[in-house]
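Student: my questions concern the predicted model and sequence given below.
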Amino acid sequence: MSEENVTRIQLNGKEYILIGTAHVSKNSAEQVKEVVDSEQPDTICIELDEQRFQSVKDDNKWKNTDIFQIIRDKKAVALLMNLAVSSFQKRMAKQFGIRPGEEMIQGIQSAEETGAELVLADRDIQITFARIWGNISFKGKAMLLMQVFGSIFSRQEISEKELENMKQQDTINAMLQEFTDYFPDLKKPLIDERDQYLSQKIKDAPGNKVVAILGAAHVPGITKEIEKEQDLDKLTRRPPKAKWPKVVGWMIPVFIIAIIAYTFITNPAAGWQQTLSWILWNGSFSAIGALAAFAHPLTILTAFIVAPLTSLNPLLAAGWFAGFVQAYIKRPNVSDFDKLADDAHSVKGFWNNKVTRILLVVVLANIGSSLGTLIGGADVIRVFIQNLV
């Protein structure tokens, strides 16, 4: 049996066998089978969380998606991130004839064949994204979303050099490589924290002999961290939300309402002018966002009507209401979910698929409403100042 890419650790009377795999290499899957068959471990740990494990096990995973629940739980952006990962994998598979994650699939199969216990050792991808999101500024968030959309729609072929780099990373790391180069602090939630989480899950795995199937980039960190005790609660804690956005979020509508009310008292005509300006700017920009997503006319009308009201309540968003209406009128069918991963790989498919169109309605209507709030608010203040002069 080849010992290449295999790291053995003896700790507290247990043996840990780490297989440093390449997520885009067929040879890695063959080595996983060879090692497991030879070692007959008590437990096999794989670098997947529950969500990605279900994606691997269930080819029909998108069929079970409740689009209304996605909107209610404010997970439209999170679903877009998952689609970006799926699209990135699809692009690699199409170009190189490689099925990313083949070694993880082999690990699952080997556990079933040998009777070894299977442990999902990676941190929930949503927590990883939340901790990344919480560590970047507004500008960084905008850049991240641009890179996510860019990875979905990119037609650029992956170079051989990039492919070799991917053999030392996992799909998430590879997709966000350029972004983490720009924001080096994100190496902590993306790599370092996952090394710590993986090491503790592997160490806590039952049995005296444990095989862990990991991306090669994680092996050095896990080798170092496995001797330490890691706080899993701390590593899975979502970052606390800053208080100032909530305070500012309430101060702006209170301020807008106050100056409109004052203007009505001193000059009703100017007050009506402010009110009309607020409605038109908010409603129009949100409606334009929905229109850009090729939304149904009733959805566009909904965005126009609700945006001036939701902009005065930080707990609500125009895109949610528009998304609900779009989902009700153009409810996705099984075929839309079947084609979701393929459609997400092109601009035309992304706009044509009913599922992704709903996501676009939510995101673009919200962006439009935010722009309308800035412009409408500025115009309200302009009229207020003119009224004082």
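Tutor: All right, it came through fine.
Student: okay, CA-based contacts and neighbour counts for the rest of this
Tutor: Fine.
Student: so, low pLDDT: which residues of the stretch 251-389 of the chain?
Tutor: 334, 338, 340-341, 344-345, 389 (pLDDT under 70).
Student: look up how far I125 lies from E229.
Tutor: To I125, E229 is 22 Å away according to CA to CA, to the nearest Å.
Student: looking at these two, which one has more neighbours?
Tutor: Shown here are E229 and I125; by other CA atoms under 10 Å, I125 has more neighbours (18 against 12).
Student: thought that one was touching E47?
Tutor: No - counting by CA atoms under 8 Å, I125 sits too far from E47 to count as a contact (11.1 Å).
Student: mind giving me the domain split of the chain?
Tutor: The chain breaks down into these domains under automatic domain parsing: 6-235, 243-388.
Student: which element is L18 on?
Tutor: strand 14-21 (DSSP states H and E).
Student: other SSEs contacting the helix or strand that that strand is followed by?
Tutor: Of the helices and strands lying after strand 14-21 in sequence (DSSP H and E), the nearest is helix 26-39. Contacts defined by 3 or more CA pairs under 8 Å, 6 or more residues apart in numbering; DSSP states H and E place helix 26-39 against helix 102-114.
Student: tell me the mean pLDDT for the very next helix or strand once past the helix it packs on?
Tutor: Moving toward the C-terminus from helix 102-114, the first helix or strand encountered (DSSP H and E) is strand 117-120. What strand 117-120 shows for mean pLDDT is 96.
Student: what about D231, how many neighbours?
Tutor: 11.
Student: show me where the stretch 201-350 of the chain has its strands.
Tutor: Listed in chain order, the strands of the stretch 201-350 of the chain (DSSP state E, counting those that start in this stretch) span 209-215.
Student: and the nearest residue to P314 once chain neighbours are set aside, what's its pLDDT?
Tutor: Closest residue in space to P314, ignoring its immediate chain neighbours: G249 at 5.7 Å, by CA to CA, 6 or more residues apart in numbering. On pLDDT, G249 comes in at 77.
Student: in this structure G249 contacts L315, no?
Tutor: No - counting by CA under 8 Å, G249 does not reach L315; the two are 9.1 Å apart.
Student: between the two ends of stretch 312-322, how far is it?
Tutor: The first and last residues of stretch 312-322 sit 17 Å apart, counting by CA to CA.
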